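>>> please work out how this folds:
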Amino acid sequence: MKIAFFARSMMNGGAEKVAAQLTCNWARLGHETVLLTELQTSGGGEYDCQYVAREFVGSEATIVSQRLRELHEKYRFDVVVFNGAINHEWFCDTFCAARALGLRTIIIIHHTANNWMYGCCNTKELFLDDVLSKADAMVCVDRIWALWWKYRGVKAVFIQNPLSVGGEFCRSDSRGGSLR
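Okay, here's the model as predicted:
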């Protein structure tokens, strides 16, 4: 399976570290990841990750949806995974563009309802039931959050953070998309 994976970047954060680990896990399972980043590569300081291609998609709503269509033509991926991003202005349009292309869609939510950041800025998703219920799956790293979304009509599942489970990370020889 080929996965298009939206990730803001591969550096400087917990969600980014999990995203990098997921690319390694998927590669071990035989999947190919096309990494789509909102920020261009920094030239250093990124977490080790594995991908067959990496593309910059920008951050404006009008650009990202169009870019998704172009990249789907180029790479023919089967599923689109949104690593968070629900609060971004481009999320709804891009999610709907993926659905219109007939792609499977998965959303990963890295936060819990009881963390400080949620109360301050991560509330937009609470008003997106109609969009989120169209996802093929929503992965939550918190059991209570998964139950909350199931109750709201979303196909939510709890999957523990991969860094908490195994602690294993990519080997340094896998850096930079060595699967090409």
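>>> so where's the chain shaky on pLDDT?
For the chain, applying pLDDT under 70 flags the ranges 11, 42-44, 61-62, 111-123, 162-180.
>>> which parts of it are strands?
2-7, 32-37, 53-56, 79-83, 104-109, 137-140, 156-158 (DSSP state E).
>>> what packs against the second one?
Looking back up the chat, that one is strand 32-37. Strand 32-37 is packed against strand 2-7, helix 14-28, strand 53-56, helix 61-75, with contacts defined by 3 or more C-beta pairs under 8 Å, 6 or more residues apart in numbering; DSSP states H and E. (Each C-beta comes from the backbone N, C-alpha and C, glycine too.)
>>> hmm, try it at 6 Å
Secondary-structure packing of strand 32-37 (3 or more C-beta pairs under 6 Å, 6 or more residues apart in numbering; DSSP states H and E): strand 2-7, strand 53-56.
>>> which residues are contacting the longest one?
Right, strand 2-7. 19, 31-37, 77-83, 85 (C-beta atoms under 6 Å, 6 or more residues apart in numbering).
>>> name every strand pairing with that strand and say which way it goes.
Paired neighbours of strand 2-7 in the sheet (DSSP bridges): strand 32-37 (parallel), strand 79-83 (parallel).
>>> just the CA trace of it, in PDB.
Coordinates of the C-alpha atoms in strand 2-7 are reproduced here as PDB (Å, rounded to 0.1, in the frame of the first residue of the first chain):
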ATOM      1  CA  LYS A   2       1.200   3.500  -0.700                       C
ATOM      2  CA  ILE A   3       0.500   6.100   1.900                       C
ATOM      3  CA  ALA A   4       0.400   9.900   1.500                       C
ATOM      4  CA  PHE A   5       1.300  11.200   4.900                       C
ATOM      5  CA  PHE A   6       0.600  14.900   5.800                       C
ATOM      6  CA  ALA A   7       3.000  16.000   8.500                       C
END
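>>> report the angle between it and helix 61-75.
With axes from the mean of the first three to the mean of the last three C-alpha atoms, to 10 degrees defining the directions, strand 2-7 sits at 150 degrees from helix 61-75.
>>> got the angle between strand 2-7 and strand 104-109?
Here strand 2-7 points in a direction 30 degrees away from that of strand 104-109 (the same axes, to 10 degrees).
>>> what's the angle between strand 2-7 and helix 14-28?
170 degrees.
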